[in-house]
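**Student:** Task: produce atomic coordinates for the following.
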Amino acid sequence: MSPFYKGGHQLIPTTLSQLRKIAKSEEYRMEPILKYKKSGRLLEIGPWMGIFSCNAKDAGFEVTAIEMNAQCVDFLNRVVGVRAIQSCDPAATLTAMDERFNVIALWHSLEHLPNPWVVLQLAAERLAPGGILLIAVPNIESYDVSVLKSAWAHLDVPRHLFFYTARSLEKLCSANGLETLELTTSDRLSRILSRNAWCQQAASIVPIKYVRRLLGFLLYQIAKQKSGGNGSGLTAVVIKPE
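**Tutor:** Residues are numbered from 1 along each chain as shown. Below you'll find the predicted structure:
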């Protein structure tokens, strides 16, 4: 799959200050973590250049990351000060670990994995009692999917391999001894993903830059009213009982 990831989604910055400037706009991703944990050992699986890992470290967590891209791993280790492990097989890496983590986060990485159910099982094992697991994935049951169908941006073929409904994700977590703390399809990230999906649709219709921006905004506003908060993202926070 590595050829399909060439170039990544964003250019890797060269300094920590540049990363922090980018990460500032995504500090909201710490909110569901900080509700339950203020510090401790945190593992992120699939951080890319480390936006969330950087914010978690700055919030006081001891951060470890598992990432397949060698440049990102070097940047995280050398510049960000995060312990990063290069691996294309998170399941094997989790199996080899003996640490227990207070938080494990998979921000839109689970759908990229060829064996997501195994990774979730191993992540549950690596959680300390009372530890939380955050899983964010595209919402395959969203209103946006029902309208856009194969044109939905977050199908992201061929990089997205598996999708979960809210019910199936809860069942998988429960099967691994985890209890749901919260599950939402209307958080800020879900709204951003919905907006992006409609803007991409507008771009495929209208070639004129400013017209397509306006059309994308109008399509998103209509979809937001009709979706009832069922946006393009699904975020779950689950806990390993004490």
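
**Student:** partners of the longest strand along the chain, with directions?
**Tutor:** Identified as the longest strand of the chain according to DSSP state E is strand 127-138. Applying DSSP bridges, strand 127-138 is found paired with strand 101-107 (parallel), strand 233-239 (antiparallel).

**Student:** And for the protein, the residue most distant from the center?
**Tutor:** What lies farthest from the middle of the chain is residue 208; by Cα atoms, centre = their mean that is 31.4 Å.

**Student:** So residue 115 is in contact with residue 88, correct?
**Tutor:** No: look at residue 115 against residue 88 with Cβ atoms under 8 Å: they stay out of range, at 11.9 Å. Yep, even glycine has a C-beta here, placed from its N, CA and C like the rest.

**Student:** How about the residue nearest the centre of the chain: what's its closest non-neighbour residue?
**Tutor:** Centroid-nearest residue in the chain: residue 107, 1.6 Å away (criterion: Cα atoms, centre = their mean). Sequence neighbours aside, residue 136 is the residue nearest to residue 107 in space, at 5.1 Å (criterion: Cβ to Cβ, 6 or more residues apart in numbering).

**Student:** Tell me where this structure has strands.
**Tutor:** Remark: strands assigned in the chain by DSSP E are 40-45, 61-67, 83-86, 101-107, 127-138, 179-184, 233-239.

**Student:** and the ones you listed as a markdown table, adding mean pLDDT and distance to residue 217?
**Tutor:** Shown next, in a markdown table, are the strands of the chain (pLDDT from 0 to 100; distance: least, Cβ to Cβ, whole Å):
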| stretch | mean pLDDT | distance to residue 217 |
| --- | --- | --- |
| strand 40-45 | 98 | 32 |
| strand 61-67 | 98 | 34 |
| strand 83-86 | 98 | 37 |
| strand 101-107 | 98 | 25 |
| strand 127-138 | 98 | 21 |
| strand 179-184 | 98 | 23 |
| strand 233-239 | 98 | 19 |
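
**Student:** For the chain, which residues score under the pLDDT cut-off?
**Tutor:** 7-9 (pLDDT under 70).

**Student:** could you redo the last one with a cut-off of 90?
**Tutor:** 1-11, 157, 207-210 (pLDDT under 90).

**Student:** coming back round to it: next, give phi and psi for the residue farthest from the centre of the chain.
**Tutor:** Main-chain dihedrals, residue 208, degrees, to the nearest 10: phi -80, psi 120.

**Student:** tilt between the longest strand of the chain and strand 179-184?
**Tutor:** When axes from the mean of the first three to the mean of the last three Cα atoms, to 10 degrees is applied, the directions of strand 127-138 and strand 179-184 differ by 20 degrees.
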